[in-house]
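Peer 1: Structure, please.
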Amino acid sequence: MCPTLSRENYFLTVINEISQHHVQKGSIEYELQALLLLVAESVRDKKGLNEATIAKINELFEQYQAVRLKVSIVPKLANLFGSDDSQGSSSEQILLHTEFVDSPDLLKRKYMEAIISLLEALERNAQLDLQTCIHCGHWFIPYQRAKVARFCSSNCRNRYHYAQRKKDKQKQQAYL
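Peer 2: Residues are numbered from 1 along each chain as shown. From the prediction side, this is the model:
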């Protein structure tokens with residue numbers, strides 16, 4: 001997928017905001033939301049994408065054509081800094097611009113951009129490790145050295161353990 005269409009790991013932001021979005025069942029936003037969750041859950045469960053999911057992605061991309069492509073010619077960066085091009089080749093290069101058709105506040109654009117972001121992340125890293133925080137339920141990508149990641153942040157980890165200690169303390173008091 002070249003050029004990159006979305007922000008890196010933007011899909012995490014959108015997935016974590018889904019509970020705040022109210023979409024009408026049967027709408028394109030609903031279909032995009034369901035597809036985003038389907039792809040994310042299959043990545044989290046390390047199942048990979050199957051033929052049906054790929055077909056659904058392509059069908060929704062045909063139904064909602066959100067991206068406009070433009071081509072321009074720009075001078076090469078090496079020539080801008082005064083380096084000599086001994087090959088005698090052209091000092092221009094082609095640059096492909098991508099932009100979304102809709103404004104960024106529309107849900108269908110957010111979901112489409114999130115799906116594209118997730119697909120780009122899969123393209124860069126086939127072993128993408130998505131997790132769900134056991135305390136707050138947010139999706140996250142653990143840092144590489146984490147052997148077992150169960151929490152999205154140290155705040156969630158501390159809050160979870162505080163709640164567990166409090167619950168254990170209440171159980172002990174109930175037995176007395």
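Peer 1: how about the helices in the chain?
Peer 2: 10-17, 28-44, 51-63, 77-80, 107-124, 154-175 (DSSP state H).
Peer 1: And the first one, what does it pack against?
Peer 2: Of the remaining helices and strands, those touching helix 10-17 by 3 or more Cβ pairs under 8 Å, 6 or more residues apart in numbering; DSSP states H and E are helix 28-44, helix 107-124, strand 139-140. The C-beta positions use only the backbone N, C-alpha and C, and glycine is treated the same way.
Peer 1: Sheet partners, orientation included, of the shortest one?
Peer 2: So the one you mean is strand 139-140. Strand 139-140 has the following strand partners under DSSP bridges: strand 131-132 (antiparallel).
Peer 1: Any figure for the gap between Ala66 and Leu36?
Peer 2: As judged by Cβ to Cβ, to the nearest Å, Ala66 and Leu36 stand 13 Å apart.
Peer 1: can you list the domains in this protein?
Peer 2: 1-77+91-128, 129-176 (automatic domain parsing).
Peer 1: Give me whichever of those domains is most buried.
Peer 2: Most buried of the domains of the chain by mean neighbour count (mean count of other Cβ atoms under 10 Å) is domain 1-77+91-128; its value is a mean of 15.
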